[in-house]
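A.B. asks: Task: produce atomic coordinates for the following.
(chains A and B)
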Protein chains: 2
Amino acid sequence: MRAAIFNGPRRIDVGDRPGPAIAAPTDAIVRVVLGCVCGSDLWYYRGDSLHELGPIGHEFIGVIEEVGSEADTLAKGDLVVAPFTYSDGTCPHCLAGWPSNCANGGSFGNHGIDGGQGEAVRVPLAGTTLVKVPGSGHSDETMRSLVALSDVMCTGHHAAVSGGVKPGMVVAVVGDGAVGLCAMIAAKRLGAGRIVALSRHPARQALAREFGATDIVAERGEAATEAIMEMTGGIGVDAALECVGTNESMATAFGIARPGSVVGAIGAPHDVVVPINTVIFRNVGLRGGVSPARRYLPELMDDVLAGRINPGRVFDFETDLNGIAEAYAAMDERRAIKSLVRIGAI
Amino acid sequence: MRAAIFNGPRRIDVGDRPGPAIAAPTDAIVRVVLGCVCGSDLWYYRGDSLHELGPIGHEFIGVIEEVGSEADTLAKGDLVVAPFTYSDGTCPHCLAGWPSNCANGGSFGNHGIDGGQGEAVRVPLAGTTLVKVPGSGHSDETMRSLVALSDVMCTGHHAAVSGGVKPGMVVAVVGDGAVGLCAMIAAKRLGAGRIVALSRHPARQALAREFGATDIVAERGEAATEAIMEMTGGIGVDAALECVGTNESMATAFGIARPGSVVGAIGAPHDVVVPINTVIFRNVGLRGGVSPARRYLPELMDDVLAGRINPGRVFDFETDLNGIAEAYAAMDERRAIKSLVRIGAI
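C.D. replies: All right, here's what the predicted structure looks like:
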């Protein structure tokens, strides 16, 4: 089969790989329909993080091709969404609601597991990982939103849940990437009364407003903190959502968070120092991390299928496997918010 | 009046200060009955933190001597507990439940405000700060527990609340100082099923058991982490309470916290690096800080007066104002868990 292959920083190629086969009774083989590129893929693309050479991509939806004997809740022909990590659903961490920390789990597109940017994927622990999409004949708009559930929307939702967003709250989202934009959808969905988007990019500002942002702050760093403190009468926001992963964005989130609030953080951290004095002397908490996407998927899928949320709007660039290198480059150069990769027919 | 005076690191003297007088209509004058020394007082005592020269001490109970015209919920003769910070009860932070972050508040024994280690204190914003103790003729045991409500018990409780302690949970308390010991009382009070005390000091271990600890771990650092991971079947604890404020104790707390849990931290931080990779990749949160003691005081006072909790047991050294230097030295040298200072008759 054909699949995207990571051959080193800025070297993403399309190559041939062995077609996957059932290796364990809990496996399923999924023929990928849509994949996409994650902001976190850019870290190894740019050489800022290490990644094994080989298959890549952890977000995909597709059609079940074959199931192992113990994955019999799934059947050939089912349309499924894969959360970006696989999990057994039975370990203590899964039972506590943290499938992305499954004791027996892992993620796609690394450590010998097929990537979602390829024609097919062997999914371990498939019965407790994949989520079947009900119905058929879904529109392309719906399909785009379904693949957004694989990671980006669940991750934005995790930022909002981690920050404790509740009805009527004033929420600020630090970061206007695809995850930050999805965090705005999530904040609105959870009832936030005011959503402040930190964004200086006109196209992203427009999408932020479409997703529920009520205010845009184009300043950065200290100036952003000052602007938001002024907007909130010196109080700070009820929840600051950190959706970048840099030290500056973390400092901004802590700088605008009101005493007693929690910074919801999902950005993969790079040289981030948590301002412990703000934690202790202003009682600002920190929660977040790798989204337990499998837990959130059913409720978010309901909203996608009912048309209440439309996270697929974050895709503003699309290509097929042949264009995979350009899918990365467009995001790296910030020409695209997020790149969709059309891989197979449904 | 006579009061303890900070004259520089390891120089605590008793000196004369002007007797306090009402300066604002919201003030009250309290004649101090019992004061004590806080673990956080040791930071400036040792020269590890800066502190203005002058009056010190932020924990006290006493009797109302005089009230300003707007502090009329209090009356001369009332026995009151002072939370270690004063607050107006009406600013946005107070209304949200965070009186220790009051926009118009402050703490005792600093910045020109009388300290609790002295014969009398002018209490700003007295009507919204001081909590009247019902009844009269309280035993010495009860009085000791009441002064423990001024800070140490409320701070231990804040660690447990911040860590999200709930019935049946496995809780570990990192730190066997007075706050850590009170965090054990709080964890038991909130229904923890198993309480692991990290302690290597026999007298503190005994008190920990009295307060509800079910397990003692005498190891430190990596060895402590390994011991607790083994005790919990590799899962980690449901809540880790960090009650020291050093980098090693924070690392231990994060090392033993299970995915999805929250480290409840109240130690004044000194060179603490929050392990951000554990936050993100293991979904371990961090909450805590300066306890909103005024919020917690009523419920904890009920429990003290009913004899359900006895935090005054942390005092294992006592003296009067003349012995204030020794009260600090005993704690500094770890000869005492916490020093009580008897200042006036009730």
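
A.B. asks: How about the contacts made by the closest residue to chain B within the stretch 101-250 of chain A?
C.D. replies: Closest to chain B within the stretch 101-250 of chain A is residue A:101: 3.6 Å, counting by Cβ to the nearest Cβ. Where C-beta positions appear, they are placed from N, C-alpha and C, glycine not excepted. The contact partners of residue A:101, taken as Cβ atoms under 8 Å, 6 or more residues apart in numbering or on different chains, are A:93, A:290, A:292, B:259, B:260, B:282, B:283.

A.B. asks: redo that, cut-off 7 Å
C.D. replies: A:93, B:259, B:282, B:283 (Cβ atoms under 7 Å, 6 or more residues apart in numbering or on different chains).

A.B. asks: how much space between it and residue A:48?
C.D. replies: Note on residue A:101: its distance to residue A:48, by Cβ to Cβ, to the nearest Å, is 24 Å.

A.B. asks: And for residue A:201?
C.D. replies: Computed with Cβ to Cβ, the distance linking residue A:201 and residue A:48 is 21 Å.

A.B. asks: Give the closest residue to residue A:55 in space, chain neighbours not counted.
C.D. replies: Closest residue in space to residue A:55, ignoring its immediate chain neighbours: residue A:115 at 3.7 Å, by Cβ to Cβ, 6 or more residues apart in numbering or on different chains.

A.B. asks: Please apply the same query to residue A:50.
C.D. replies: Counting by Cβ to Cβ, 6+ apart, residue A:50 lies nearest to residue A:44, which is 6.8 Å off, once chain neighbours are set aside.

A.B. asks: contacts for the host helix or strand of the one you found?
C.D. replies: Assigned by DSSP states H and E, residue A:44 falls within helix A:41-45. For helix A:41-45, contacts defined as Cβ under 7 Å, 6+ apart pick out A:6, A:9, A:10, A:12, A:49, A:50, A:51, A:56, A:268, A:328, A:331, A:332.

A.B. asks: Stretch A:312-325 too?
C.D. replies: By Cβ under 7 Å, 6+ apart, the residues outside stretch A:312-325 that reach it are A:2, A:4, A:12, A:14, A:36, A:117, A:141, A:144-145, A:148, A:152, A:178, A:181-182, A:207, A:210, A:326-327, A:330, A:336-343.

A.B. asks: Quick one, which of those residues are buried?
C.D. replies: Buried by 16 or more other Cβ atoms under 10 Å in any protein chain shown: A:2, A:4, A:12, A:14, A:36, A:117, A:144-145, A:148, A:152, A:178, A:181-182, A:207, A:327, A:330, A:336-343, out of the contacts of stretch A:312-325.

A.B. asks: Keep only those of these that are in helices.
C.D. replies: Counting by DSSP state H, those place A:144, A:145, A:148, A:152, A:178, A:181, A:182, A:207, A:327, A:330 in helices.

A.B. asks: nearest residue to the residue of chain A positioned farthest from its centre other than its sequence neighbours?
C.D. replies: Distance from the C-alpha centroid of chain A peaks at residue A:233, with 32.7 Å (Cα atoms, centre = their mean). Leaving aside its chain neighbours, residue A:233 sits nearest to residue B:92 (7.7 Å; criterion: Cβ to Cβ, 6+ apart).
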